[in-house]
Each structure stands twice: as structure tokens, then as C-alpha cells.
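Visitor: Compute the structure for the input listed below.
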Amino acid sequence: MSVIVQNLTKIYGQQKAVNNISFEAKKGEVLGFLGPNGAGKTTTMKIITCFIPQSEGKAQVCGYDVVTDPLAVRARIGYLPEHNPLYKDLYVKEYLSFVAGLHKVKNKRQRVAEMIERTGLQREQNKIIGSLSKGYRQRVGLAQAMLHDPEVLILDEPTSGLDPNQLIEIRRLIKELGQEKTVIFSTHIMQEVQALCDRVIIINKGEMVANDTIETLQQKVTGETVITVEFAQQILQKQLTKIEQVKTIKSLGNGRWQFISEKNKDIRGDIFNFAVANDLTLLEMKKEQYSVEDVFQELTK
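Guide: Below you'll find the predicted structure:
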């Protein structure tokens, strides 16, 4: 595993910002780190990246402990913090060259040019960072995080301030990086979670309340299976009660029906067989799912 967190706790005075959380993240995985404001996401990321020490527990990156081997950890991590700290008086290309020098990157000029192209900064590379929009500053921060080709990328709100076109490009880049590296990123944009994450961790008030794939979490939250069906022919509700494992049937009008099954029972096969047996034409059959927003709200309310 690239990142291993065991019983991690961080206490500020009387407040537990992070309370005994454990998780792992492996190479080739995009892990979404979600939670309400103040839940402890940024605190956890700062511990993993050696910015602050934990009060209890352990954190390892690529086999190195964040307390005993912080330099080895930092060499293997690319970090884009929530508040992107940049030298605003430097030019983009100049700043990236400076960061590459700190990391002792080989073929510095070539690597800087590659990161400028990969993050779409070609037109801005000769501009002063302070003159850039927030979206382009985020791109500069992402470029510096990737300069030294780290094994682990930790991104705190990486798409903040991006316009819709920039969002698509950066999401595509994060998805590509997730195939070859370990990517942990936090966001409040639930569409990003759906589009990018292989797995999500949700923390609330410092405690971990979920660690699973989105699909599995949706099933756990909903429990019931909801199927929407449209028949070409008119049919009485009394006839539909013959379908097994259906708990509730609701007419939506114009030949459309909603079926709610018993917990974790997929009844689409039964509905199809019923339609065939009764010479009914199925125009549509769709399994409804809770959105990621619904799951998030259910687990953090």
C-alpha cells in the first residue's frame, strides 16, 4: 500500500479534530476524501504530508513513517494544499524551475516544459503568477505538485476556481494520474466524486463514517431497490401485484409504474418475465439510485 493510516488522532486543546481513523490507499487508485467543512479532512492531509504531527496513531507513505522519516515521505508526495501558496512575484516558468531545483529534478528544463503542457499553462508560462486568475493559479499548483514525479499525489480542493472547460481538462488529468499513482483528493463537488473516484472515504466530526465504493455506499444507504417501468399497454395495478418480491407499487401515469422491492432484491428479471408472460411491451425499465449528494447527506447529517 502506498499510504497506510492507523488509528490517527489529532487533538487541538480539548477538541479532537481527527479521532482514531484508519485507512489504506494503493497505487493505481483515486481515493475521494469527503466530509463537511471542519470534518478533519485537511488536518489528515497535513499529517500525511508531514506539515503537522499527529497526537496519536501512525501514518506511512511508501513504507516511510511521517514522524521518523519525513524527508523520505516528502520526496514521494506531491501536495496541492487548499490554500495554494505560490510566489506571486515570480513568472510561472521561473517558479516551476525553482521548485524543480528544490527537488533536484534531472532534465529540469524538459520536465518543466512537460508539466506546463500537461496542465495547459503554455500561454501563461511567461506571465507573473500574481496576474493569473484563480483557476490558472490552481494549475500552477498542480504542476508543482507533479514536477518531481511523486508516487503519491494529495490534492486538497484541486478544482477550486476552475471554469467548466478547465474542470474537464483537470479531471481528465487526475483520472490519468490515478492509473499510475496513488491519488487522494478532497472536494465538495459531488460530480467529481462520481466521475473520478474508485473509492471514497467520508469523515464527519473527525470520525470516519464510510470507506467503500460509491456503488456499495448507495446500496447501503438506500437498502430498497426502486425500479421505474413504462409499458406500452394499459394494465391494472391489481395484475402487477403478481410480481414476486415487490413491496410497493405506485402509478406514475401514462403507463409508467414505480416498483419498490424488498431490501437488496433486484426485481428487474421478475418484471421482464411478467411482461413476457402477459404479452406486454416494455418501453423502459430503469433502476433508480441515490445520488452521491444523497449518500453524503445521509452519512453526515
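Visitor: Low-confidence regions, the protein specifically.
Guide: Scanning the chain for pLDDT under 70 picks out 219-224, 263-264, 289-290.
Visitor: neighbouring contacts of the helix ranked longest in it?
Guide: Of all segments of type helix in the chain, defined using DSSP state H, the longest is helix 164-180. Helix 164-180 is contacted from outside by 27-30, 118-120, 135, 138-139, 142, 146, 153, 155, 158-159, 162, 183, 185, 192, 195-196, 198, using CB atoms under 8 Å, 6 or more residues apart in numbering. The C-beta positions use only the backbone N, C-alpha and C, and glycine is treated the same way.
Visitor: From those residues, list the buried ones, please.
Guide: Neighbour counting with 16 or more other CB atoms under 10 Å marks 27, 29-30, 118-120, 135, 138-139, 142, 146, 153, 155, 158-159, 162, 183, 185, 192, 195-196 as buried within these.
Visitor: Could you tell me how many residues sit around residue 181?
Guide: 20 (other CB atoms under 10 Å).
Visitor: Might one say that it is in contact with residue 154?
Guide: No. Judged on CB atoms under 8 Å, residue 181 makes no contact with residue 154 at a distance of 10.6 Å.
Visitor: can you tell me which of the contacts of helix 164-180 are in helices?
Guide: Short answer: the contacts of helix 164-180 in helices (DSSP H) are 118, 135, 138, 139, 142, 146, 192, 195, 196.
Visitor: for residue 209, what are its contacts?
Guide: Taking CB under 8 Å, 6+ apart as the test, what residue 209 contacts is 202, 203, 299, 300.
Visitor: just residue 161 next, same as before
Guide: Residue 161 makes contact with 133, 134, 135, 137, 138, according to CB under 8 Å, 6+ apart.
Visitor: how close does it sit to residue 94?
Guide: Distance, residue 161 to residue 94, using CB to CB, to the nearest Å: 22 Å.
Visitor: Kindly report the same for residue 257.
Guide: Residue 257 is 64 Å from residue 94, by CB to CB.
Visitor: Repeat that for residue 266.
Guide: Taking CB to CB, one finds residue 266 at 58 Å from residue 94.
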